[in-house]
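*Asks:* sequence unknown, structure follows:
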C-alpha cells in the first residue's frame with residue numbers, strides 16, 4: 001500500500017472526525033438536558049483529539065492532511081438543525097447523532113480494507129473503538145429519553 005493510499009484513508013477519517021467534533025458541539029447547543037450537553041462536549045473534544053492524531057499520522061507520511069470536514073457532514077448538521085427546530089427534543093438530537101455515528105463507523109470499518117502500517121492500524125483501531133462506544137452510548141441514551149418523555 002502506498003503512502004498516498006494510506007494518506008487518503010486517513011484524510012477520510014480526518015473529515016469524519018471533524019464532522020463528529022462539529023456535530024457533537026452543535027448537539028451540545030441543542031440538547032436541553034445538562035447531562036447530555038456535558039457528554040456531547042466531551043465527545044466533541046475526543047473527536048478533536050482524534051483529528052489532531054490523524055493529521056499527525058498523515059504528516060508523518062509526508063502528505064498533506066485534510067483541512068476540513070465533508071460536505072455530507074455539513075449537510076447532516078443542517079438536517080440536525082431543521083429536525084431539532086421542528087421537534088425540539090433530546091431524542092431528535094440523539095437520533096441524528098446516531099445517524100452520524102453510523103456513518104463514522106462505516107468509514108472506519110472501510111479503513112481496515114487496506115493494509116495499514118502497524119502504528120497507523122493501532123491508531124485507527126483505538127479511534128474505531130471510540131466511535132463504537134459513542135454510538136452505543138447514544139443508542140442507550142436515546143432509548144432512555146424516548147421512554148422518559
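*Replies:* All right, it came through fine. Since this is a predicted model, take the numbers as computed values, not measurements.

*Asks:* so where's the chain shaky on pLDDT?
*Replies:* Under the criterion of pLDDT under 70, the regions of the chain flagged as low confidence span 69-88, 148-149.

*Asks:* which parts of the top helix by length along it are buried?
*Replies:* Ranked by number of residues, the top helix in the chain under DSSP state H is helix 118-148. Neighbour counts over helix 118-148 (16 or more other CB atoms under 10 Å) mark 120, 123-124, 127-128, 130-131, 134-135, 137-138, 141-142, 145 as buried. No exception for glycine: its C-beta is placed from N, CA and C like everyone else's.

*Asks:* What residues does the most centrally placed residue in the chain make contact with?
*Replies:* Using CA atoms, centre = their mean, the residue of the chain that lies closest to the mean C-alpha position is residue 20, 3.1 Å off. With contacts defined as CB atoms under 8 Å, 6 or more residues apart in numbering, residue 20 is in contact with 43-44, 47, 50, 100-101, 104, 131, 134.

*Asks:* quick revisit: so what's the gap between the longest helix of the chain and the chain middle?
*Replies:* Once both centres are worked out by CA atoms, centre = their mean, to the nearest Å, helix 118-148 turns out to sit 9 Å from its chain's centre.

*Asks:* Name the SS class of residue 113, please.
*Replies:* Under DSSP: H, G, I helix; E, B strand; the rest coil, residue 113 falls in the coil class.

*Asks:* roughly how far apart are it and residue 132?
*Replies:* The span separating residue 113 from residue 132 equals 17 Å under the rule CB to CB, to the nearest Å.

*Asks:* repeat for residue 24
*Replies:* 15 Å.

*Asks:* Could you tell me which of the contacts of residue 20 belong to helices?
*Replies:* Reading helices off the contacts of residue 20 with DSSP H, I get 43-44, 47, 50, 100-101, 104, 131, 134.

*Asks:* In TSV: these, plus distance to residue 35.
*Replies:* As requested, those are exported to TSV (distance: CB to CB, whole Å):
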residue	distance to residue 35
43	13
44	15
47	19
50	23
100	20
101	18
104	22
131	21
134	15
